[in-house]
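K.L.:
Give me a model of this one.
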Amino acid sequence: MKSSIRFIFEDVSFFLPKRTILKQWLLDCIATEKKALEELNVVFCSDKFLLDVNRKFLEHDYYTDIITFQYNNKKEPISGEIFISYDRVKENADEFNVPRLVELNRVMAHGVAHLLGYSDKTKKQKEAMKTKEDYFLTLLPLK
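P.N.:
Numbering: from 1, shown residues only. Prediction:
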């Protein structure tokens, strides 16, 4: 099966370097969980755009850095979308004093973890999610 990963810039524009390496990294993250990928769209957008998605599809009225949608009913192959607010990424990068691309990679890892079935509703789940993000980031050949 041929996997498809697309980066989509909805209402923001910024330079996303080494896209081919990032796509392979996302595939590698998924492969570590022994899962297959059919299709993944990573949609970069503004706070406003993601707030509209949050209201329309999740009935939440607040800003967030990421929303992940799994599109097939079965667990595999994975098919979904990760919506990322670049506004939140920039703000979080400043707050945590890390480069924007480092924060962006962490958020992408977080979204992939959600697609793989990880949750972050409880404190214990959040800790497991953070551990998984950290692990995924070690797989990224960009430093």
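K.L.:
which residues touch Asp120?
P.N.:
Going by Cβ atoms under 8 Å, 6 or more residues apart in numbering, Asp120 touches 110, 114, 126, 129. Any C-beta I mention is one placed from the backbone N, CA and C, and that applies to glycine too.
K.L.:
In helices, which of those residues appear?
P.N.:
110, 114, 126, 129 (DSSP state H).
K.L.:
picking that back up, if we take the contacts of Asp120, which one ends up nearest to Ala36?
P.N.:
Closest approach to Ala36 among the contacts of Asp120 (Cβ to Cβ): His114, at 16.7 Å.
K.L.:
Now stretch 33-51: buried residues?
P.N.:
33, 35, 37, 39-45, 47, 49-51 (16 or more other Cβ atoms under 10 Å).
K.L.:
should've said stretch 104-120
P.N.:
104-116, 118, 120.
K.L.:
cool, stretch 73-81 as well?
P.N.:
Under the neighbour-count criterion of 16+ other Cβ under 10 Å, stretch 73-81 has 78-81 buried.
K.L.:
Need the contact partners of that stretch.
P.N.:
By Cβ under 8 Å, 6+ apart, the residues outside stretch 73-81 that reach it are 1, 30, 35-43, 68-72, 115-117.
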